[in-house]
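Student: any chance you could fold what I've pasted below:
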Amino acid sequence: MSELVIKSLKDLDGLRSAPDLDATQSKHLLDQLCASMDDADWFTVGIMAPSSSLAIFVLREMESRFNWSAMNVVDKPAGEGPVFLKANQKTGDIHVRIEHGLGEGVLLSCQHNNEEKEADTLGPFPLDFFKIKD
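Tutor: Reported below is the predicted structural model:
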C-alpha cells in the first residue's frame, strides 16, 4: 500500500479523516490555507472529534490563531461520544451534536458576502493543526 503524499490543499480533498502531517507539511499547508483565506469574507468550521470538549478546544485554538472573536456554544450534547461541531463566524453560533461514523479532523469553509462566489471547503486538517507552536 502506498503512503499518501500531501503537498497541497487539494491533496486533502475527499479524505474521510485528516492525515498525519509532519512539521514541514503542516507549515506548507498552513501557508496555502492562509492565502486561500485572504479572499473570504467569513468562515464556517466543521470539526469531527472524539468529544465535544476537544472539538470546542480546537475551535478556540483556531479563534486564537486567526484573531477571530470568540463564538458562543448554542447547542452541546449532554452525553459523551464522537461529535460534529459546526461553527458559523457570521452568526457567532456553535452547534455540537453526537455523530457516529465520522472521520476525524477540521474542515474550513471560506464564505463570501457576494452570493455569486461559491464557498470553498478546505481540509480535513488534523485536530492539532491550528495550535500555535512556540
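Student: find the residue at the geometric middle of this protein.
Tutor: Closest to where the C-alpha atoms of the chain average out (C-alpha atoms, centre = their mean) is V106, at 2.9 Å.
Student: what kind of secondary structure is that residue in?
Tutor: Assigned with DSSP: H, G, I helix; E, B strand; the rest coil, V106 falls in the strand class.
Student: burial check on the residue nearest to F43 when sequence neighbours are not counted, number of neighbours?
Tutor: The shortest distance from F43 to any non-neighbouring residue, by C-beta to C-beta, 6 or more residues apart in numbering, is to Q89 (4.7 Å). Where C-beta positions appear, they are placed from N, C-alpha and C, glycine not excepted. By other C-beta atoms under 10 Å, the residues close to Q89 number 20.
Student: residue contacts, E61?
Tutor: Contacts for E61 (C-beta atoms under 8 Å, 6 or more residues apart in numbering) come out as 130-132.
Student: what of K7?
Tutor: Counting by C-beta under 8 Å, 6+ apart, K7 touches 25, 28.
Student: and the gap between it and G14?
Tutor: Computed as C-beta to C-beta, to the nearest Å, the K7 to G14 distance reads 15 Å.
Student: first-to-last residue distance for stretch 93-107?
Tutor: 16 Å (C-alpha to C-alpha, to the nearest Å).
Student: for L127, which non-adjacent residue is spatially closest?
Tutor: The shortest distance from L127 to any non-neighbouring residue, by C-beta to C-beta, 6+ apart, is to V58 (5.2 Å).
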